[in-house]
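Peer 1: Requesting a structural model of the entry that follows:
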Amino acid sequence: MTTVGILGGGQLARMLALAGAPLGLRFRVVDSVADACASQVAPLLLADYTDLDALAGFAREVEVATFDFENVPAQTAQWLAERVKVFPNPRALALAQDRLAEKQLFRALGMDTPAFEPVDSRAELEQAVLRIGCPAILKTRRLGYDGKGQFRLRAAADVEPAWRALGGPPLILEAFVPFEREVSVVAVRGRNGEFRTWPLTQNWHAEGILSASLAPAPRSDTIAPRAFEFARQLATELDYVGVFALELFVREGRLLANEMAPRVHNSGHWTIEGAGVSQFENHLRAVLGMPLGDTSARGTAVMLNWVGELPARDPVLAEADAHWHDYGKSPRAGRKVGHATICAPDSRQVAATLERLGRALQREAQVAPVLAALGR
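Peer 2: Sure, this is the predicted structure:
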């Protein structure tokens, strides 16, 4: 029986293990915290990601290794790749860990991006603000996700508090984009270079954390082919194997590349029930060299993220088109603790279910923008 190793033991590792069980796969998870939620479904090796002795034993137990999140040290990935097959490759992981290198690659591949400047000193920040203007967003180049490591500059007077808040370089200043909507391409590339995408997904965020996703994204006929081609170019350039997400802003018909996630992605959770083969199963198929599965949508799907604490479960279970996912985490502000997906062949049916759930769960504000996109 094949054993897959996963660096990181959060909900993504948990869902990978659940998707791999029907394929006859076993899993071994590494995490530095004892209560990692993936440990509820797969054996956990409690170790730091720099503990090479522990990782050496891990490498001997698995046939292939992958990642649950992108902040695993790139040096660890490279060390591991010298002992066991690692997908995606360490280069892709390292690139996605550096917002400046990521934006530079997007530009090199012909993608538009928001204007950006590297910032390595307070003086460089002041000059970058003069060139880019305000509003702008100052970000750490590394270790940022779900809105962390960011400070919005509304005026030049925000330079000093932004510099203090983020603790110095290396940083990147990006122009604020008054986008019309945010979309993502969730794609998969196999070991043999085969490339597939799920339908373009539209996303909404609250306080920097994904709140809801809708797939297929409405009114996307003109932008989807370009978005898919960007993702294909990126995957080819990086010799990428596995699932990844490319997040994009839409502004007056233009696509602006925001960032890449080198892993299964929150905006692809709808694929568990809403696509022929989910992002989790296809990631495993890709890294193990298996044939890729069907990425077409079964209809319309909406994913609602539960952040901080779970809402009442029974109203979701009472809906024939709704599916409940509890990650087995304790509640905490800003923590992703679960999600629900609504899937149906007809978008009007999805909208009606979503409307009922919004009222029942007192989540009207969360579902309102999705209902608007669905024409309700």
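
Peer 1: so where do the helices sit in the chain?
Peer 2: With DSSP state H as the criterion, the chain has helices at 11-20, 52-61, 74-81, 90-96, 99-108, 122-132, 159-166, 224-237, 271-274, 279-287, 314-317, 347-360, 364-373.

Peer 1: Lowest average pLDDT across the ones you listed?
Peer 2: Ranked by mean pLDDT, those end with helix 159-166 at the bottom, a mean of 88.

Peer 1: buried set for that one?
Peer 2: 159, 162, 163, 166 (16 or more other CB atoms under 10 Å). To be clear about C-beta, it is placed using only N, CA and C from the backbone, and glycine gets the same treatment.

Peer 1: How about stretch 318-336?
Peer 2: For stretch 318-336, burial by neighbour count (16+ other CB under 10 Å) applies to 319, 321, 322, 323, 324, 325, 327, 329, 335, 336.

Peer 1: quick one, what contacts the fifth one?
Peer 2: Yep, that's residue 324 we're talking about. Shown in contact with residue 324 (CB atoms under 8 Å, 6 or more residues apart in numbering): 313, 316, 317, 338, 340.

Peer 1: is the last one in a bridge, and if so with what?
Peer 2: So the one you mean is residue 340. Applying DSSP bridges to residue 340 gives these bridge partners: residue 304, residue 324.

Peer 1: Please verify my assumption that it contacts residue 322.
Peer 2: Yes - with contacts counted by CB atoms under 8 Å, residue 340 reaches residue 322, the gap being 5.8 Å.

Peer 1: shared neighbours, those two?
Peer 2: 316, 357.

Peer 1: ok now do residue 38, which residues does it touch?
Peer 2: 6, 8-11, 13-14, 17, 27, 29, 31, 44, 68.

Peer 1: coming back round to it: tell me which of the buried residues of stretch 318-336 fall in strands.
Peer 2: Within these, membership in strands is found for 322, 323, 324, 325, 336, as judged by DSSP state E.

Peer 1: Make TSV out of those residues and add distance to residue 224 and pLDDT.
Peer 2: Output for these, formatted as TSV (distance: CB to CB, whole Å; pLDDT from 0 to 100):
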residue	distance to residue 224	pLDDT
322	26	98
323	25	98
324	30	98
325	27	98
336	27	97
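
Peer 1: for those, which one is nearest residue 119?
Peer 2: Nearest to residue 119, judged by CB to CB, of those is residue 336 at 29.4 Å.

Peer 1: Neighbours of the nearest residue in space to the closest one that is not next to it in sequence, how many?
Peer 2: Nearest non-adjacent residue to residue 336, counting by CB to CB, 6 or more residues apart in numbering: residue 307, 5.8 Å away. Residue 307 is flanked by 22 other residues according to other CB atoms under 10 Å.

Peer 1: Quick check: the most centrally placed residue in the chain vs residue 334, distance?
Peer 2: In the chain, the centroid-proximal residue (CA atoms, centre = their mean) is residue 265; its distance is 3.2 Å. Counting by CB to CB, to the nearest Å, the gap from residue 265 to residue 334 is 18 Å.

Peer 1: and residue 21, what does it touch?
Peer 2: Going by CB under 8 Å, 6+ apart, the list of residues near residue 21 is empty.

Peer 1: pLDDT value on it, please?
Peer 2: 97.

Peer 1: Distance-wise, check it relative to residue 190.
Peer 2: Relative to residue 190, residue 21 is positioned 21 Å away (CB to CB).
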